[in-house]
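**Q** Task: produce atomic coordinates for the following.
(chains A and B)
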Amino acid sequence: MQMNHFALLVRTVAAWLVTLLLVFPLIWLVLTSFKTELQAIAVPPRLFFTPTLESFREVNLRSDYLHHAANSVVTSFVSTFIGLAIAAPAAYSMAFFRTRRTRDILMWMLSTKMMPAVGALVPVYVMAQTAGLLDSRTALIVVFTLSNLPIMVWMLYSGFKDIPPDILEAARMDGASIWGEFTQVIRPLAMGTLASTGLLCLVLAWNEAFWSLNLSSAKAGTLAALIASYSSPEGLFWAKLSAASLLAIAPIVVVGWFSQKQLVQGLTFGAVK
Amino acid sequence: MNRLLPRALMAPAVVTLFLWMIVPLVMTIYFSLVRYNLMQPGEKSFLALANFEYFVTDPDFGPSVLNTLSLLGSVIAITVILGVALALLVNEPFPGRGIVRVLLISPFFVMPTANALLWKHMMMNPIYGVLAQVWIFFGASPVDWLTNHPLFSVILMVAWQWLPFACLIFITSLQSLDRDQMEAAGMDGANALQKFWFLTLPHLGRPIAVVVMIEMIFLLSVFAEIFTTTGGGPGNESTNLAFLIFKQALMNFDVGVASAGALFAVVLANIAAVFLIRMIGKNLD
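**A** Here you go, the predicted structure:
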């Protein structure tokens, strides 16, 4: 018994130490965002200080934070909704009207996700330029939707597949139309799947940096692109950088905490259970 | 129920994905065969394989392939080994396990540009950065990470982001480990190391393979971390294939050469994808 207590103590201390060490950069980011610029570069670094909201105010005033935040919100939400609208019928069809080819189509869809983004950079850039869509929300929405579509179809398919077909049979016997079947039988059962798929795609679109950096700048730039502009500014900026980063990552980290399980399923295409 | 409806429901997704796959690919192949500079839009003369030759004989090509592979290899090694260790550490119950697991996953949700700048400035700055202060505290002289160890710095940032991902997958997988079998092995006198080697590790074989392949696909395109911190430098020390293609396309405006490079990257990614697809296919229904 004594031994077990000791082992538990060691494990607890070790796990907490390692965890705090790993998330230390994030803790430091949070602390720095509430410092003044001078405190942010103080030597030795300060753990205790009077918190100030000065940096948050500055970030909002000077770097057009809200404009970029709006870009992030619009591009990630719209791309998620369009994606769901395209993916849900497809997944529904694959899950409930299986044919010999369903499996092949699913595998092929996944394979499109395996294409490295950089492989499509040149053509997508040229197309956006030709269409006059460089630095537009439209271009980002299209690219986000397309790159998340395979994951969406896949996640929705796995979710729909778990709905027992007997329920559908019963509804059909009762004379439900396909629309009625979808809205009255499937939708209530699939709400969880739809929500978790949407959440995962929101996270992916919100954090997307490759396309945001290459296809957008001042006008359509998302928060990921705004943060990148802090790469080499002048003067003291650490507190402002931290405040801007915190505002940009906080909502999505919280969303991420609640969708961990779906994330594993979605990102591994169900290969790990 | 007619047979048309299921197809009609599937059509939008199939058609858009087909276009998303085929149009860029055809364009890339076409661009790679012609002389095409964004600064001289009109002229597109046929070059055959000259773009490929130019891309692979570029003095930055060799180092960038090497950098891509060391980035890939190091991050995969770090995330898999530490990921397994961490997952084992938090697998058994202890006070606050729920909070620890939530905290552990957090870095994965930090957008790459914020991650990169957090490390570049607050952590790795050679004067005011936290690491410099720690080095001074222990009497060592601070290191200028981004100048002297640029590739290692990028590896550290990317590994910090992907370690939680690997760890989360291993944690999920450990939960389906057969507890009875573990206990039986313990009764039969197997020590912790033997149990790990003969029971846990084989059980983790599949998730490890999945993590390796998914990271291969994503890490082949590491871009934002390099773009915001080192800019591929100093020289070409932290330039990977993705960044080299970006430089050719959007800094030198040479679409032809960039496309040749992109095809090279696609081939590399497909080597990983073939195995992953096959494995997922086996697991399907």
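
**Q** If you rank every helix and strand of chain A by mean pLDDT, what lands last?
**A** Lowest on mean pLDDT, DSSP states H and E among the helices and strands of chain A sits helix A:260-267, with a mean of 73.

**Q** What residues sit buried inside that helix?
**A** A:Gln260, A:Gln262, A:Leu263, A:Val264, A:Gln265, A:Gly266, A:Leu267 (16 or more other Cβ atoms under 10 Å in any protein chain shown). Every C-beta, even on glycine, is put in place using the N, C-alpha and C of the backbone.

**Q** which of those residues are close to chain B?
**A** A:Gln260, A:Leu263, A:Val264, A:Leu267 (Cβ under 8 Å from any Cβ of the partner chain).

**Q** Now the second one: closest residue in space that isn't a chain neighbour?
**A** What that stands for is A:Leu263. In space, and not counting its chain neighbours, A:Leu263 is closest to A:Leu200: 5.8 Å by Cβ to Cβ, 6 or more residues apart in numbering or on different chains.

**Q** I figured the one you found hits A:Trp154, correct?
**A** No - judged on Cβ atoms under 8 Å, A:Leu200 makes no contact with A:Trp154 at a distance of 10.6 Å.

**Q** Residues that sit against both of the two, list them.
**A** A:Gly266 (Cβ atoms under 8 Å, 6 or more residues apart in numbering or on different chains).

**Q** how many other residues sit next to B:Met187?
**A** Using other Cβ atoms under 10 Å in any protein chain shown, B:Met187 has 8 other residues around it.

**Q** To clarify, my last question referred to B:Leu250.
**A** Counted by other Cβ under 10 Å, the residues lying close to B:Leu250 total 17.

**Q** Run through the stretch 151-285 of chain B and note the low-pLDDT ranges.
**A** B:283-285 (pLDDT under 70).

**Q** mind running it again at 90?
**A** B:168-169, B:171-222, B:229-238, B:240-242, B:245-285 (pLDDT under 90).

**Q** ranges for the helices of chain A?
**A** In chain A, the helices defined using DSSP state H lie at A:2-33, A:37-40, A:54-62, A:65-96, A:102-113, A:117-130, A:137-161, A:165-173, A:178-180, A:187-207, A:210-215, A:223-228, A:238-258, A:260-267.

**Q** If you count neighbours, what's buried in the first one?
**A** When you say that, I think you mean helix A:2-33. Those would be A:11-12, A:15-16, A:18-19, A:22-23, A:25-26, A:28-29, A:31-33, for helix A:2-33 by 16+ other Cβ under 10 Å.

**Q** Count the residues that sit near the closest residue to A:Ile252 other than its chain neighbours.
**A** Using Cβ to Cβ, 6+ apart and skipping the chain neighbours, the partner closest in space to A:Ile252 is A:Trp206 (4.9 Å). When neighbours are counted by other Cβ under 10 Å, A:Trp206 registers 25.

**Q** and the gap between A:Trp206 and B:Thr229?
**A** 21 Å (Cβ to Cβ, to the nearest Å).

**Q** Please apply the same query to A:Ala243.
**A** Distance of A:Ala243 to B:Thr229, given as Cβ to Cβ: 20 Å.

**Q** Same question for A:Ser63.
**A** 19 Å.

**Q** Would you point out which residue is most central in the chain?
**A** Chain wasn't specified; assuming chain A. A:Val203 (1.1 Å; Cα atoms, centre = their mean).

**Q** Actually, chain B is the one I wanted.
**A** Closest residue to the average C-alpha location of chain B: B:Leu219 at 2.0 Å, with Cα atoms, centre = their mean.

**Q** In contact with it: list those residues for me.
**A** So B:Leu219 contacts B:Leu71, B:Leu72, B:Val75, B:Ile76, B:Val158, B:Trp162 (Cβ under 8 Å, 6+ apart).

**Q** confidence score at the nearest residue to A:Val253 once chain neighbours are set aside?
**A** The shortest distance from A:Val253 to any non-neighbouring residue, by Cβ to Cβ, 6+ apart, is to B:Phe109 (4.5 Å). B:Phe109 carries a pLDDT score of 90 in this model.
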